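Asker: pasting a predicted model and its sequence here:
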Amino acid sequence: MNNAYAVDYNLNPPLFLLVFIVFFIFLYFYYNKIKRKHFNLRKLFIIGAILFYALSVFKLTLLPITIVYNASIFFDLPSQHMYQLNPFETITSSLHAGNYRQVVGNLIMLLPLPILIGVLNRRTPSFSKFFIGTVLLVLIIELAQLALDFITGVPNAVTDIDDFIMNVLGALLGWIIIKIYFLNLEHKKRLRRN
């Protein structure tokens with residue numbers, strides 16, 4: 001008799017909201033009480049938006065995690081089912097199949113990141129630092145997906161070079177948007193001074 005079972009670990013909406021509230025309260029007290037930085041309502045809202053966004057990216061990229069609790073039925077999948085390293089293969093096959101959501105979703109996933117950072121700091125992030133940070137962030141996400149797949153033995157999320165390409169392109173597009181926004185803002189300020 002086979003008593004195997006699998007459990008999916010995920011952040012359902014009530015748990016997501018609870019985690020968000022706990023992290024937000026922690027950040028608020030950390031900065032207010034320990035760092036002695038007092039935030040106005042605008043900064044609190046932006047920090048809340050960044051936290052909500054970060055949790056959303058975590059949920060979209062790493063969850064759900066499926067764990068099978070019986071070694072006898074553990075998936076013995078070849079490792080190539082856990083990663084895809086041919087550039088543009090997934091993009092091309094998704095577009096040919098009419099699955100635009102996958103491609104567009106990967107493109108816009110990190111697009112808000114530079115915008116939120118720029119709005120928080122009231123300036124465009126440095127391109128070189130932002131680019132290196134984005135590449136490292138996407139590498140960490142993709143390697144975490146691969147590690148979870150190998151640890152659980154279940155292909156929870158395929159590590160894909162095309163996800164990497166589209167995520168980085170989306171973040172760069174967001175950087176261009178926030179750069180144009182601040183250049184336009186500076187131009188309007190100069191016109192008002194004259």
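Answerer: Now that the structure is in, tell me what you want to look at.

Asker: in this structure, which spans are strands?
Answerer: Using DSSP state E, the strands of the chain run over residues 6-9, 65-68, 83-84, 159-160.

Asker: mind listing what's buried in stretch 123-133?
Answerer: Residues of stretch 123-133 classed as buried by neighbour count (16 or more other Cβ atoms under 10 Å): 124-125, 130-131, 133. (Glycine included, C-beta is placed from N, CA and C.)

Asker: what about those, which are in helices?
Answerer: 130-131, 133 (DSSP state H).

Asker: now this protein, which segments are flagged as low pLDDT?
Answerer: Applying pLDDT under 70 to the chain flags residues 1-4, 70-80.

Asker: find the residue at the geometric middle of this protein.
Answerer: Closest residue to the average C-alpha location of the chain: V57 at 3.3 Å, with Cα atoms, centre = their mean.

Asker: spit out the contact partners of F20.
Answerer: F20 sits next to 51-52, 55 when contact means Cβ atoms under 8 Å, 6 or more residues apart in numbering.

Asker: which helix runs longest in the chain?
Answerer: Max-length helix for the chain by DSSP H is helix 161-193.

Asker: which helices and strands does it pack with?
Answerer: Counting contacts by 3 or more Cβ pairs under 8 Å, 6 or more residues apart in numbering; DSSP states H and E, helix 161-193 packs against helix 89-96, helix 100-108, helix 112-121, helix 127-152.

Asker: helices or strands up against the longest one?
Answerer: Helix 127-152 makes packing contacts with helix 41-62, strand 65-68, helix 112-121, strand 159-160, helix 161-193 when contacts are defined by 3+ Cβ pairs under 8 Å, 6+ apart.
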